[in-house]
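S.K.: quick one: sequence plus predicted model below, questions after.
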Amino acid sequence: MSSIELVGGWSSVIAQLVSGEHLSSADAEVAMTAILRGEAQPSQIAAFVIALRAKGESADELQGMLAAVIGASGVVELPDNIAARAIDIVGTGGDKSHSVNISTMASLVVAGAGIPVCKHGNRAASSQCGTADVLEALGVAIDLDGAGVATCVTQAGMGFCFAPTFHPAFRHAGPTRKELGVPTAFNLLGPMANPAKVSYMVVGVGNPSSAHSMVAAIKSRGVQRAWVVHGHGGLDELSLSGPCHVVELRDGLINEFSIDAKDLGLQPADVTAVRGGDPAHNAAVVRKTLAGEKVRCATSCCLMLQLAWSLLALRRIWLKGSIEPQAASTLALHPMHWTN
């Protein structure tokens, strides 16, 4: 018997969602478990995720589905002293901005500053270059297992968890997701499902209506502090073009506020000013930026903003005065030196 029969079958689950009712955390976990076990037909998967999206994924639903995803995933066992300080800087993708890999650059600098980074990501789906693509272009081995990633984080300060390696069960939904071609709950779950138990997270989301539910789901994982951010212009990362929306988990409480780059001493820029290209192009931008070479001002400022956000989440800097000197000093003190 399929696990979905425990909650009345797919027809019952989908009917509940279509009527606008939220699933309980337990029922959502059962439904996602059935999908990840290959017990759902493509039509059932499609109906489930589209009904969820039309209604809006609730905090309980995301929490239940995230528990199912974590239960079916591989694990990165970090030493306790590393996990207690580790951070992931990630985004949901799908914002259609085709920007350079700002969060990846921020991750590298944060790691260079002595903060353990366990980054979780994938190849591009709707853009030319995802995290995995640019890291691969930089010579990084992206397909390490849990032990390999843990070694990288412990010895080098940063490791990369390639989503297909740690979430093979997602393959059961892959064809359906590709055919649908629209963001679904899977796009929200992926960034929250880091295989390591990191204590800090900065998650960019293209749809601000999902931010509160995502923070609540992240809280269920035992994360100490997290910021789910939505950039002006629809970006799934911080933007220089206008106010950015933030939902914060701090000391077990969820708060909400906004922040504008220009108020922090950073030069405003349109979203198109940080447009990237293919992996080779973006890798070149990463190398130049982190080596201190002159690049587009918007790219440098956007990196500073993302870097500052990440350091602030770790209580390393505070929103007092211009944030640019604080972030710039970290970048200057910890330049990246490439060997390949």
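M.R.: Sure thing, it's come through.
S.K.: what residues are up against Ala31?
M.R.: By Cβ atoms under 8 Å, 6 or more residues apart in numbering, the residues touching Ala31 are Ile4, Val7, Trp10, Val13, Leu23, Phe48, Met65. Where you see a C-beta, it was placed from the backbone N, CA and C, and this is true even at glycine.
S.K.: now do 7 Å
M.R.: For Ala31, the set of contacting residues under the criterion of Cβ atoms under 7 Å, 6 or more residues apart in numbering consists of Ile4, Val13, Phe48.
S.K.: so what pLDDT did the first one get?
M.R.: When you say that, I think you mean Ile4. Model confidence at Ile4, expressed as pLDDT, equals 93.
S.K.: where's it relative to Lys219, distance?
M.R.: Summarising the geometry, the distance separating Ile4 from Lys219, computed by Cβ to Cβ, to the nearest Å, is 27 Å.
S.K.: ok, now the last one?
M.R.: Note on Phe48: its distance to Lys219, by Cβ to Cβ, is 24 Å.
S.K.: of the two, who's got more company?
M.R.: In terms of neighbours (other Cβ atoms under 10 Å), Phe48 is the more surrounded of Phe48 and Lys219; the figures are 26 against 17.
S.K.: does that one count as helix, strand or coil?
M.R.: helix (DSSP: H, G, I helix; E, B strand; the rest coil).
S.K.: I figured it hits Ile14, correct?
M.R.: Yes: under the contact definition of Cβ atoms under 7 Å, Phe48 touches Ile14, with a separation of 6.1 Å.
S.K.: give me the neighbour count for Gly139.
M.R.: Residues lying near Gly139 (other Cβ under 10 Å) number 10.
S.K.: nope, Val274 is what I was after
M.R.: With neighbours defined by other Cβ under 10 Å, the count for Val274 comes to 25.
S.K.: all strands for the stretch 201-340 of the chain, in order.
M.R.: Secondary structure of the stretch 201-340 of the chain (DSSP state E, counting those that start in this stretch): strands at 225-230, 244-250, 253-259.
S.K.: including distance to Leu78 and mean neighbour count, could the ones you listed go into CSV?
M.R.: Formatted as CSV, the entries for these read as follows, by distance: least, Cβ to Cβ, whole Å; neighbours: other Cβ atoms under 10 Å:
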stretch, distance to Leu78, mean neighbour count
strand 225-230, 17, 26
strand 244-250, 20, 20
strand 253-259, 26, 13
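S.K.: out of the ones you listed, which comes closest to Val202?
M.R.: Between Val202 and these, the shortest gap by Cβ to Cβ is with strand 225-230, which sits at 5.1 Å.
S.K.: outside of that closest one, which residues touch it?
M.R.: 200-205, 208, 211, 214-215, 218, 238, 244-250, 309, 313.
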